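With the sequence up front, the predicted model follows.
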Amino acid sequence: MSKDAVYYDSYKEERDLILEYNQVKLDDVKMINLMGVGVDNLTRAQAVVKVMKMIESGGIHHVMALNPYKILRIRANSDLGLIASKADLRLPCGGGLMWASRMIKNPLKEKIHFISFLMDLVRISEIKDYTIFVVGGKPEITEKAFLNIKKSFPEVRIVGRHGGYFTPEREKSVVEAMRKSQANIIFVGLGFPKEEKWIYKVKNEFKNAVFISVGGSIDIISGEIKKAPAFFMERGLDWFYRIITRPWRIGRLFRLAYFYLYFIVKRIFI
């Protein structure tokens, strides 16, 4: 295996996943309000079951992953606010959201590690014969991600893949390829907020599909970008690791400082 290969061996243990997911209840799944943005309060297993039910019920669905930076962007932009409000699932994927929910005394059940959630979906797709289409990233990166997924889940049906750098003229043929594939799940990795706006724009051209905004996850799955070390992940500081390893994103620190200050002040007046 090449040094760039990523193998998700931890997801291959012998377990009756269908039985496990059939025992997951959704009765207690609620939404909490963080800065005017709805966030679903659920576990990773519940999130996977929600997606399974979306596939089985048919129709068009949109799944988003939220963190403090995205919350602030959504709050400041009415178009993004509308898109987020119409999303079918908004996952709490940033450690800062856990902290903020505790500050308003309405704690989230868990921080959902997004890559793990995606790999859970790929694993269950392999078992239940769901089909997947991947769009996003540079073509060579998308290809690496595809090969890494297939190494870990050789039976999963990835029915199409396309890089994310396409012109408006090329867009129509990309959408047509996605539509004709009749994929159950479509991973869209164009970066936030471009992918959210693009999904909102094209989704009505489909009959049955679960669109999942995956951001830079294609780069991570390909092995091009490394996940944050365990020290940062365990403390909810994966966002800080991304900033110190990509210093051109330092401006995000100021937004995040505002996010934390907002909830500190809110806690004082609760």
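Sure, I can see it.

Now the nearest residue to residue 36 once chain neighbours are set aside: phi and psi?
Spatial nearest neighbour of residue 36, excluding adjacent residues (C-beta to C-beta, 6 or more residues apart in numbering): residue 75 at 5.7 Å. To be clear about C-beta, it is placed using only N, CA and C from the backbone, and glycine gets the same treatment. Backbone torsions for residue 75, taken as degrees, to the nearest 10, come to phi -60, psi -30.

same deal with residue 91?
phi -90, psi 140.

quick one: it from residue 78, how far?
22 Å (C-beta to C-beta, to the nearest Å).

Check residue 209 too.
Applying C-beta to C-beta to residue 209 and residue 78 gives a distance of 26 Å.

Compare the two and say which one has the larger neighbour count.
residue 209 (26 against 9; other C-beta atoms under 10 Å).

Just the element for the closest residue to that one other than its chain neighbours, please.
Distances taken as C-beta to C-beta, 6+ apart place residue 186 nearest to residue 209, at 5.4 Å, with adjacent residues excluded. In this structure, residue 186 sits in strand 185-189 according to DSSP states H and E.

For the very next helix or strand once past that strand, give me every contacting residue.
Next in sequence after strand 185-189, counting helices and strands by DSSP H and E, comes helix 194-202. Helix 194-202 has contacts (C-beta atoms under 8 Å, 6 or more residues apart in numbering) with 62, 64, 79-80, 83-84, 86, 136, 175, 188-190, 211, 213-215.

Please list only the buried members of these.
Among these, the ones that count as buried by 16 or more other C-beta atoms under 10 Å are 62, 64, 80, 83-84, 136, 175, 188-190, 211, 213-215.

Name the residues of stretch 148-155 that are buried.
Quick answer for stretch 148-155 (16+ other C-beta under 10 Å): 148-149, 152-153.

Sorry, wrong one. I was asking about stretch 26-42.
In stretch 26-42, counting by 16+ other C-beta under 10 Å, buried: 29, 32, 34-35, 37, 39-42.

repeat for stretch 50-62
50-52, 54-55, 60-62.

average pLDDT for that stretch?
Averaged over stretch 50-62, pLDDT sits at 98.

who touches that stretch?
Here stretch 50-62 has contacts from 21, 26, 29, 42, 63, 83, 86-89, 121, 124, 128, 130, 184-185, 199-200, 203-204, 206-213, using C-beta under 8 Å, 6+ apart.

Can I have the buried ones of the residues you listed as a ChimeraX selection?
Listed next is the ChimeraX selection for buried residues among the contacts of stretch 50-62, using 16+ other C-beta under 10 Å:
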select :21,29,42,63,83,87,88,89,121,124,130,184,185,199,200,203,206,209,210,211,212,213
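
Residue 45 reaches residue 20, doesn't it?
Yes: assessed by C-beta atoms under 8 Å, residue 45 is found in contact with residue 20 at 7.4 Å.

remind me which residues of this structure are low pLDDT?
Low-confidence segments of the chain (pLDDT under 70): 1-14, 227-228, 233-244, 246-251, 270.

all helices for it, in order.
17-22, 44-57, 68-76, 78-86, 95-103, 114-128, 139-152, 168-181, 194-202, 217-222, 230-234, 238-245, 252-268 (DSSP state H).

most tightly surrounded among these?
helix 217-222 (a mean of 24; mean count of other C-beta atoms under 10 Å).

then that helix to PDB, C-alphas only?
Extracted C-alpha coordinates of helix 217-222, given in PDB (Å, rounded to 0.1, in the frame of the first residue of the first chain):
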ATOM      1  CA  SER A 217     -13.300  15.700   3.800                       C
ATOM      2  CA  ILE A 218     -12.400  14.400   0.300                       C
ATOM      3  CA  ASP A 219      -8.800  15.800   0.800                       C
ATOM      4  CA  ILE A 220      -8.600  14.000   4.200                       C
ATOM      5  CA  ILE A 221     -10.000  10.700   2.900                       C
ATOM      6  CA  SER A 222      -7.500  10.900   0.000                       C
END
